[in-house]
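J.: Fold the following, please.
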Amino acid sequence: MRGPNRRTMLGAGAAAVLAGAGLTACAPPGRKKAGEEKVPASQKSAGRHMPAETQRHERTYMAWPPLDSEWEEWAEDVQADIARIARSIAEFEPVVLLAAPEEVKAARRACGSGVEVIQVPVDDLWMRDTGPTFVTRRRGLQGIDFHFNGWGGKQEHDRDGQVARSALTREGVPRIDAPLTAEGGSLEVDGHGTLLVTESSLVNGNRNPGKSRDEIEAALKNLLGVTTVIWLKGVRGKDITDCHVDALARFAEDGVVLLSRPPEGAGPDVWTRAYDQARGVLETATDARGRKLELVNLPEPDPSELGRRGPDFLGSYANFYAVNDAVIIPRFGDRKADRNAASIIGELHPGRKVVQVQIDTVAEGGGGIHCATQQQPGL
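T.: Sure, this is the predicted structure:
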């Protein structure tokens with residue numbers, strides 16, 4: 001394994017969390033600030049709408065992993081991956097990169113003038129999970145703060161826990177104080193009222209102790225403006241995210257779901273079973289408009305073609321990121337699988353250029369391109 005792996009790397013207190021200890025998931029203490037909006041789970045969504053990722057973006061947010069982060073001796077390698085992703089996205093839309101004060105100059109040198117680097121303290125690169133989840137209303141944009149708590153207390157992320165608030169304050173976007181704890185990678189919408197989620201990452205005492213699935217579903221419908229929630233089982237306690245949906249199942253064109261299929265000969269194990277269970281649910285599910293979903297397999301790379309990789313290397317092409325006029329996807333080194341993924345994703349995103357980016361260290365850390373990005377939708 002080339003670097004620390006986010007799927008298995010657990011910080012202080014992890015044993016208690018995985019043993020089922022009930023962590024209190026709450027907002028940081030302090031007074032309500034201007035622009036914030038408290039949203040009780042019982043309140044109607046008030047016209048909120050979470051757009052599909054394929055709709056136009058105002059900008060993309062990313063974060064720069066500091067040299068003193070969990071990456072340790074691999075920090076420079078993962079910084080190179082993040083710079084590569086940022087430069088690729090900046091060819092198509094504005095990129096705002098958050099960096100700790102002592103890292104700003106290095107981030108600007110690595111990313112170039114096409115990426116705006118701003119001084120915001122961060123612990124790591126996982127902007128999908130730490131940043132705000134944006135929703136639109138007739139009156140404009142709002143951002144949901146899901147109270148990132150280190151994926152259920154598995155790692156210490158004090159600075160990242162404030163990233164959503166910091167980004168929203170900078171942009172002057174009203175902040176919605178979510179009544180539950182979640183991460184952006186656990187939410188996948190089609191933009192027409194359908195939400196895909198995994199039970200393992202939300203109905204979990206390490207994030208939402210004492211909350212039932214029905215209560216969590218009601219809160220998500222309210223916050224995101226969705227009407228149909230499709231629950232996949234996922235995998236609990238085997239990776240740091242508790243199986244985020246964005247590495248398993250993604251919406252592509254209207255009514256189409258891409259499923260990350262394990263490589264031939266894999267398993268049986270918890271990940272192949274998660275794929276089988278997800279496929280079984282999605283084969284019988286209907287979306288918010290009452291239509292059956294079309295499923296398309298997105299085969300993962302063959303481990304034997306990847307050289308020396310850690311056992312938990314995240315080889316999921318489903319962790320792509322759709323930007324304005326392009327889709328940014330990973331390249332893993334299995335030439336056949338890389339070409340196949342580019343072809344499948346490109347066909348399902350007509351009119352968008354497919355850009356493949358090598359992300360060896362990010363993937364070794366258990367994440368991908370989608371994990372490292374968060375879109376602000378255009379209005």
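J.: Give me the mean pLDDT for stretch 358-372.
T.: Here stretch 358-372 scores 96 as its mean pLDDT.
J.: One more: stretch 163-179?
T.: Averaged over stretch 163-179, pLDDT sits at 96.
J.: And stretch 286-295, by the same measure?
T.: Here the average pLDDT along stretch 286-295 is 97.
J.: these two touch, right, residue 297 and residue 261?
T.: Yes. Between residue 297 and residue 261 there is a contact under C-beta atoms under 8 Å: 4.3 Å. Yep, even glycine has a C-beta here, placed from its N, CA and C like the rest.
J.: Run through the helices of the protein in chain order.
T.: 14-18, 75-90, 104-111, 127-130, 150-153, 163-171, 199-202, 213-224, 270-284, 335-347, 360-364 (DSSP state H).
J.: out of these, nearest to residue 144?
T.: Closest to residue 144 of the helices of the chain is helix 213-224 (C-beta to C-beta; 5.6 Å).
J.: Pull out the buried positions in that closest one.
T.: 215, 216, 217, 218, 219, 220, 221, 222, 223, 224 (16 or more other C-beta atoms under 10 Å).
J.: So which elements touch it?
T.: Applying 3 or more C-beta pairs under 8 Å, 6 or more residues apart in numbering; DSSP states H and E, we find helix 213-224 packed against strand 133-137, strand 194-198, strand 228-232.
J.: quick revisit: want to try a markdown table for the helices of the chain, with distance to residue 192 as columns?
T.: Listed next are the helices of the chain as a markdown table, based on distance: least, C-beta to C-beta, whole Å:
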| stretch | distance to residue 192 |
| --- | --- |
| helix 14-18 | 35 |
| helix 75-90 | 25 |
| helix 104-111 | 35 |
| helix 127-130 | 21 |
| helix 150-153 | 29 |
| helix 163-171 | 25 |
| helix 199-202 | 21 |
| helix 213-224 | 12 |
| helix 270-284 | 16 |
| helix 335-347 | 20 |
| helix 360-364 | 31 |
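J.: where among those helices is the average confidence lowest?
T.: helix 14-18 (a mean of 34).
J.: I'd like to know which of the helices and strands packed on helix 213-224 is closest to residue 96.
T.: Residue 96 sits nearest to strand 133-137 of all the helices and strands packed on helix 213-224, at 13.0 Å, using C-beta to C-beta.
J.: what packs against that closest one?
T.: strand 140-145, helix 213-224, strand 374-377.
J.: 6 Å instead, please
T.: With contacts defined as 3 or more C-beta pairs under 6 Å, 6 or more residues apart in numbering; DSSP states H and E, strand 133-137 has these neighbours: strand 140-145.
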